[in-house]
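[1] Here is my input, please return the structure:
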Amino acid sequence: MSWGKFLLTAAMAGALMTGAAANEHSQNEHSQNGHSFWVDDGASYRALENGIERARATLDDARVRYFGELQNRADFYCAVRLGGGDKVEQVFVKVSAWDDRIRGVIASPVEYADYQRGQTISFDAADVMDWAIKFPNGKIEGNYVGRALQRAAGL
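    Here you go, the predicted structure:
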């Protein structure tokens with residue numbers, strides 16, 4: 001799969017995971033705080049693909065665990081892509097319900113898509129690129145894409 005060039009942005013001020021947005025720029029710009037950095041190499045693309053694959057493979061187990069025992073003790077986020085064409089951005093959605101579709105509030109800043117932080121949206125489980133369960137003590141489960149990309153970028 002060809003990913004082109006991605007602008008990686010950390011949602012939730014770097015607290016959760018790193019997202020990817022398609023962009024035509026070709027520079028490599030890294031940030032140690034995890035807020036944004038450009039990625040333009042094969043290792044990062046492989047890390048992105050592997051992270052998405054692992055996140056999708058574990059998504060249903062995370063859903064069952066969250067809604068079964070953790071709903072009142074943690075927050076569940078799913079990363080999805082918004083927009084289309086040259087304006088695609090990956091954002092975190094704080095999940096509030098999950099029946100035939102996942103529903104929640106956009107929890108990360110949105111720059112490129114026609115959406116805004118705090119907006120309620122719904123999407124299919126097949127649209128999820130990554131997930132994270134964040135506990136009050138700061139512990140985070142999941143975040144496979146973000147962790148893989150941070151490792152690939154040497155952060």
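[2] what's the helix or strand for the most centrally placed residue in the chain?
    Nearest residue to the geometric centre of the chain (Cα atoms, centre = their mean): A79, 3.4 Å. Under the criterion of DSSP states H and E, A79 resides in strand 75-84.
[3] Okay, buried residues for that strand please.
    Buried residues in strand 75-84, defined by neighbour count with 16 or more other Cβ atoms under 10 Å: 75-83. No exception for glycine: its C-beta is placed from N, CA and C like everyone else's.
[4] Now the two most distant members of the residues you listed.
    D75 and G83 (24.2 Å; Cβ to Cβ).
[5] can you give me the mean pLDDT across stretch 88-107?
    Averaging pLDDT along stretch 88-107 gives 95.
[6] Please apply the same query to stretch 57-70.
    96.
[7] residues in contact with it?
    74, 76, 78, 95, 98, 125, 128, 131, 133, 141-142, 144 (Cβ atoms under 8 Å, 6 or more residues apart in numbering).
[8] tell me which residues of it are tucked away?
    Result for stretch 57-70 [16+ other Cβ under 10 Å]: buried residues 59, 62-63, 65-66.
[9] same question, stretch 47-56
    47-48, 51-52, 54-56.
[10] and R81, what does it touch?
    Here R81 is in contact with 21, 88-91, 127, 129 (Cβ under 8 Å, 6+ apart).
[11] one step back: now the buried members of the contacts of stretch 57-70.
    The neighbour-count test (16+ other Cβ under 10 Å) marks 74, 76, 78, 95, 98, 128, 131, 133, 141-142, 144 as buried among these.
[12] can you put these in TSV and add distance to G118 and secondary structure?
    What follows is those, written out as TSV (distance: Cβ to Cβ, whole Å; DSSP: H, G, I helix; E, B strand; the rest coil):
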residue	distance to G118	secondary structure
A74	20	coil
F76	17	strand
C78	16	strand
V95	15	strand
W98	20	strand
V128	20	strand
W131	20	strand
I133	21	strand
E141	24	strand
G142	22	strand
Y144	26	helix
